[in-house]
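S.K.: coords below, sequence missing:
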């Protein structure tokens, strides 16, 4: 049965019990992420009806995969007992993700129906700063003692394994909960039952503090190829783990943030369609305003050359071409450098190499484009060689300048500990626009003696 | 010992055996990714010396973490036997990643020293198209038969587990190698030894074909939170698996590609510093050329209004401000829409909602910026109300137009099956520039009667 068939059976008419049972046995074979997708297409009443008859074992999983609007609908329709059942089965990190999106009254209603122990943990994680390791960790993991044997470790895994998010890395703690080692399920399986955990564990554990930034942690997952990473508090006591599936979400979130910053937007965590007009306008207004006001500089430069432009008005028509080509030349360079620094490929010490590279690229591109442009202007403007020369020389210098500024700005920003992605776009545009006009008018003055 | 200490011990002077042994015992406790990092800072001679004395068990792992330049240095210095030992221990996907970056003569030398069976597999993967599932998969995984018991499964894992990249998902095949199910190590550990695999496996396997695009696969890893995913050939026979650590790399690679496309660059897989000047220039030239030539349109529009500009030269100085503000307004919208479509948040059917949203945002931002601009022009230009009115009305309409075009263009591109990221930047700039000039000059004509 395809998604469409299931949907049409459910939505086809008043559902009788046999029909529902058919659908249900079909749904049971599906992946929980897929069930969530099908459910999200149902009308509210049907959604609640279907959710209620889901086997308890998978209901919490399906719930975790749904978006926050649907989660809210479901929670508002369920009884206290039903909420309690769902929350019981939900992993702590999924519960936190869900609660972070809910209005205060829903949060209160949900937390009232959570066991005291779990509620304490959820509240604690909810208080960690946004984007910190603490806010994305889960507290369901397998912890072992140094003195346990491999056989005892397997017993522990069998006992608490079903309730922990991953059993593939087990963490070894002292009595005071200090983290001392890690052991993978692979090592356990390949060891003898009587081996002592303390002797076969890996003591070289890479861990994060609860306050560490999620982006740094994502970098480490990428570097080491981890499946999970332990999180400790200030006293190095183990408090949680972060799993790779959450890190994939972090990487995609940070990616969106980077792209938004580069497009002169205030980054936002909320999905496009669910953000209000006012919030959208706010996120865009600041940088538009700054760029608009900074254009006063270009305006002043043009005004100061008004007399020259009056004598040779054709010069006006090339201003947009020069500014656009310069703008794109600069943003190409700055984008590559910002990205190169983000993935750790370009470092502050590479500034001389990068600059020398960009200067040569600028000369090469400037020569090529200058040539094409010379021919175009020559043909379209009555073979006016002086005009061709002015435009071509200006274009060459503009591209060279733009590539230089575009490569140096992000590196300077990084050195000044400003986010290169935010700084480069508006400042680069302003500098390139202004300098390209000065270059253009200078050549015009010299060549035409204006 | 910190990275710096190890380095200084190695590079401090002629290394005698005791010193080397000290360093080595230190190195042995480190994570292989970190060892690779330390080694990459050594001079070539020292690198080879250190690499040779690394325990065989970790040498291949360290090798896999190094960048291709250092890999090449090492391979060129090693004997046939040493190469053979490394290649024996290297996972097939790491071996392929390494060979893809090597010149043909190195590839030949390496493949000559690989066991026949493994060489066949490597050759096969090397032939899969770039960015396909086949090209990133590994062939080292645990496969089980339906009729095996849990106890037999554990024996299999113990036997072939050490050589497979992950043991946390085991794949169940029929005799003809058709994929029929998957079973996690977690399920195995929580089952009874006599249970039959065929009865407890999950038959609802999400798999990829060797020819599937890596980006689609990355989306599925994100959707389902997988640790690994099986890859099958056309006949649904299991040929390999893809693990989540490789998918993290894919996501970051695709992210770089998106950013490059949005900045009007031809995307490239090569790192910035290792790309030649000529290649860099080529990647940038095309879009610069297109944008430069398309600026002929704006040039023509300005020329056609030359007479008006002669009468009221102050109008010239506002052209860059209008074009820049319009440009950024449009790119903000298109960036959000392109990204929203990439993460599956915005679909083709949402076009009306998006358009209506952007129109209202455009009006709101246009009103705000128009107001600020009115005041600025009023103060800076001798309280010339007609001029203020012309600029403000043009600014408002330009922003509204840019937001509309910026939101509709990527959706159209998607419908025409063109990559929205590539299409939006240059086409958007051209349209917004041209239309904003037409708006501006029209208002000027009406208000000043030029």
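M.R.: Yep, that arrived. In this text the structure is predicted, and so the values were computed from the model without any measurement.

S.K.: and the one helix or strand residue A:88 maps to, does that touch chain B?
M.R.: In this structure, residue A:88 is located in helix A:80-89 according to DSSP states H and E. No: judged by CB under 8 Å from any CB of the partner chain, helix A:80-89 makes no contact with chain B; its nearest approach is 15.8 Å. Heads up, the C-betas are built off the backbone N, CA and C, glycines and all.

S.K.: and stretch A:164-174, by the same measure?
M.R.: Yes: on the criterion CB under 8 Å from any CB, stretch A:164-174 is in touch with chain B at A:167, A:168.

S.K.: list the helices and strands whatever helix or strand comes next after the helix holding residue A:88 packs on?
M.R.: Next helix or strand after helix A:80-89 toward the C-terminus (DSSP H and E): helix A:92-100. Judged by 3 or more CB pairs under 8 Å, 6 or more residues apart in numbering or on different chains; DSSP states H and E, the packing partners of helix A:92-100 are helix A:56-65, helix A:104-112, helix A:116-127.

S.K.: rewinding a little: show me what counts as buried in the helix holding residue A:88.
M.R.: By neighbour count with 16 or more other CB atoms under 10 Å in any protein chain shown, helix A:80-89 contains the buried residues A:82, A:83, A:85, A:86, A:87, A:89.

S.K.: from the contact counts, what lies against that helix?
M.R.: So helix A:80-89, by 3+ CB pairs under 8 Å, 6+ apart, packs with helix A:56-65, helix A:104-112.

S.K.: now do the first one: distance to the chain's middle.
M.R.: Using CA atoms, centre = their mean, to the nearest Å, the mean C-alpha position of helix A:56-65 is found 26 Å from that of the whole chain.

S.K.: what sits against residue A:271?
M.R.: Listed by CB atoms under 8 Å, 6 or more residues apart in numbering or on different chains, the contact set of residue A:271 reads B:340, B:345.

S.K.: mind redoing it with 10 Å?
M.R.: A:67, A:68, A:256, B:340, B:343, B:345, B:346 (CB atoms under 10 Å, 6 or more residues apart in numbering or on different chains).

S.K.: give me the mean pLDDT for the helix holding residue A:88.
M.R.: Taken as a whole, helix A:80-89 has a mean pLDDT of 87.

S.K.: next: stretch A:329-339.
M.R.: 91.

S.K.: does chain B sit close to it?
M.R.: Yes: shown here: stretch A:329-339 in contact with chain B (CB under 10 Å from any CB of the partner chain) through A:329, A:331, A:332, A:333, A:334, A:335, A:336, A:337, A:338, A:339.

S.K.: quick one: the helix or strand that contains residue A:440 near chain B?
M.R.: Secondary structure from DSSP H and E places residue A:440 in helix A:420-448. Yes: with CB under 10 Å from any CB as the criterion, chain B is reached by helix A:420-448 at A:421, A:425, A:426, A:429, A:430, A:433, A:434, A:437.

S.K.: and that helix, what does it pack onto?
M.R.: helix A:244-262, helix A:277-304, helix A:306-311, helix A:319-342, helix A:385-415, helix B:319-342 (3 or more CB pairs under 10 Å, 6 or more residues apart in numbering or on different chains; DSSP states H and E).

S.K.: now tabulate the ones you listed in JSON lines and tack on distance to residue A:139.
M.R.: Output for the helices and strands packed on helix A:420-448, formatted as JSON lines (distance: least, CB to CB, whole Å):
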{"stretch": "helix A:244-262", "distance to residue A:139": "13"}
{"stretch": "helix A:277-304", "distance to residue A:139": "33"}
{"stretch": "helix A:306-311", "distance to residue A:139": "69"}
{"stretch": "helix A:319-342", "distance to residue A:139": "31"}
{"stretch": "helix A:385-415", "distance to residue A:139": "36"}
{"stretch": "helix B:319-342", "distance to residue A:139": "33"}
